[in-house]
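Participant: Here is my input, please return the structure:
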Amino acid sequence: MTDKACPIPVSFIDAVGKIIFLTFLFFLSFISRFIFAPLLPSLSGDLGITTAQAGSIFLFGSIGVAAGAMGSGFISSRANHKGALEISVLGAGIVLIACVFSGTIGVVRIVMFLLGIAAGFNLPSNMAVITAIVSRQDWGKALAVQQTAPPLSLILGPLLAAILLPWISWRAILAWIACALIISGILLARFGALGNFPGDQPNFLNIKVILAKRSFWFMLTLFALGIGGNLGIYTMLPLYLVKEHGFGQELANTMVGLSQISTFFMIFAGGWMTDRFGEKRTMAASLIISGALMVLMGTISGVWFNVIIFLEPAAVACFFPAAFAALSRTVQPNLRSLVTSWTTPVAFLIGGGIFPALLGYMGQAYSIGLGIAIAGILMILGSSLVLLLELLDKMEEGC
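Facilitator: The predicted structure is shown next:
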């Protein structure tokens, strides 16, 4: 039991307004970083960077996410989860403005690292607040709504790029996103009362408890696979379509954006599947199907290649509601934000940072498609780890 002033959990319907607002903050955190994927062809031409250098941008962002998330407990324990969210949103807006005036790949890397730190503050507090204000039986639905933020940002990013780049520069697009972040941060600070309870400061005992759990390491690996199949593919897909399949930049961004639309709905399907069939079965099915589609994506071309571009994001989208629900059941509630801040950033570093960087180097040395196919095989094999997970059935009340 904890002695924190925790909110009283309510039903999904009663908390839906707060869940939507938290989802919007999560959305801004995502699009501020992953808008760079559809902008890569323009940014590469403007700054004169190679395929390998383009992939490294996301590695720096993922390192920032890891650093920010692992230190988020120090922020939320002092400034409450609300304060951590305010710092995340306002900080990302200010940093993104700096990128508008950047002229070298070095500046872009620094910006992505700082954006990653800001995002690292967001997810642990965002998830801790949602699972604290919503009743346990409705976690699948609540987390499904929250997990619409990544696919929505992945849908709108390429479409915005396809629509706006013929008229304005990539710098102007970043400026508009920065303004949205800053305005949202001010609104949260001025009017919001959400998340007015502290997180748990990391200490050796808590960290030791988490690291001693086998399920922590299994979930970390599973998250890395899921993120690699989702964000890792997405970050390099526009470049893959342009460089290796001969797509024009506008067509590539349009297809990537449209391919993400199904994920918005499949997130809800994943939440329903989680509540109906359980976390383990849902995660395993999602990873196996998306892994097989990745193998095909990297090895075929023509009409079926175009179809797979649309199917693979839908398959992997079902993974995340189940994965976050499972992660919340690996520890007691007082360690929930801490286990999130240790699992997801390392997984982001691997799946959303190292994986795109490796795809970039594969594209320079061999082909991006070969890297995608190898990753798909690893995803299929790694899905077996769900059998080894130990999830708690009896959990204490509190946050």
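Participant: quick one: low-confidence ranges for the stretch 151-300 of the chain?
Facilitator: Counting by pLDDT under 70, the stretch 151-300 of the chain has low-confidence residues at 191-192, 195-196, 198-204.
Participant: Okay, strands next: where are they in it?
Facilitator: Read by DSSP state E, counting those that start in this stretch, the stretch 151-300 of the chain holds no strands at all.
Participant: Helices along that one, start to end?
Facilitator: 170-191, 204-211, 214-227, 233-244, 249-259, 261-277, 279-299 (DSSP state H, counting those that start in this stretch).
Participant: export those helices to CSV and tack on mean neighbour count and distance to Leu378?
Facilitator: Where you see a C-beta, it was placed from the backbone N, CA and C, and this is true even at glycine. Converted to CSV, the helices of the stretch 151-300 of the chain look like this (neighbours: other C-beta atoms under 10 Å; distance: least, C-beta to C-beta, whole Å):
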stretch, mean neighbour count, distance to Leu378
helix 170-191, 17, 33
helix 204-211, 13, 24
helix 214-227, 22, 7
helix 233-244, 24, 13
helix 249-259, 21, 22
helix 261-277, 20, 21
helix 279-299, 22, 8
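Participant: which residue sits closest to the most centrally placed residue in the chain, ignoring its sequence neighbours?
Facilitator: Taking C-alpha atoms, centre = their mean, the centroid of the chain lies closest to Pro150, which sits 5.8 Å from it. Using C-beta to C-beta, 6 or more residues apart in numbering and skipping residues adjacent in sequence, the residue nearest Pro150 is Phe30, 5.2 Å away.
Participant: still on that earlier bit, can you tell me which residues contact the residue nearest to the centre of the chain?
Facilitator: By C-beta atoms under 8 Å, 6 or more residues apart in numbering, the contact list for Pro150 reads 26-27, 30, 230-231, 320.
Participant: ok, of those, which one's closest to Ile377?
Facilitator: Using C-beta to C-beta, Asn230 comes nearest to Ile377 of those, at 16.9 Å.
Participant: For the closest one, grab the count of nearby residues.
Facilitator: 25 (other C-beta atoms under 10 Å).
Participant: please renumber so the chain begins at 47
Facilitator: I'll keep to 47 as the first residue from here, and by that count the last item is Asn276.
Participant: What does the pLDDT read for the nearest residue to it once chain neighbours are set aside?
Facilitator: Nearest-residue entry for Asn276: Val362, 4.9 Å, with adjacent residues in sequence omitted and distances by C-beta to C-beta, 6+ apart. pLDDT, Val362: 88.
Participant: how near is Gly137 to Ala100?
Facilitator: 25 Å (C-beta to C-beta, to the nearest Å).
Participant: quick one, which of the two is more surrounded?
Facilitator: Neighbour comparison, Gly137 and Ala100: the larger count goes to Ala100, with 27 against 21 (by other C-beta under 10 Å).
Participant: who touches the more buried one in this structure?
Facilitator: 86, 89-90, 282, 285, 406.
Participant: repeat that with 10 Å
Facilitator: Contact analysis of Ala100 by C-beta atoms under 10 Å, 6 or more residues apart in numbering lists 82-83, 86-87, 89-90, 93, 151, 154, 281-282, 285, 402-403, 405-406, 409-410.
Participant: mind checking which helix or strand it is in?
Facilitator: helix 97-116 (DSSP states H and E).
Participant: The helix or strand just after that helix to helix 97-116, inter-axis angle?
Facilitator: Next along the chain after helix 97-116, taking DSSP H and E as the criterion, comes helix 118-146. With axes from the mean of the first three to the mean of the last three C-alpha atoms, to 10 degrees defining the directions, helix 118-146 sits at 150 degrees from helix 97-116.
Participant: Would you indicate which residues of helix 118-146 are buried?
Facilitator: 118-119, 121-123, 125-139, 141-143, 145-146 (16 or more other C-beta atoms under 10 Å).
Participant: What are the buried residues along whatever helix or strand comes next after that helix?
Facilitator: Next helix or strand after helix 118-146 toward the C-terminus (DSSP H and E): helix 151-179. Using 16+ other C-beta under 10 Å as the test for burial, helix 151-179 gives 151, 154-179.
Participant: Tell me the helix or strand right after helix 151-179.
Facilitator: Counting by DSSP H and E, the next helix or strand C-terminal to helix 151-179 is helix 185-192.
Participant: Quick check: mean pLDDT of that following helix?
Facilitator: Helix 185-192 comes out at a mean pLDDT of 77.
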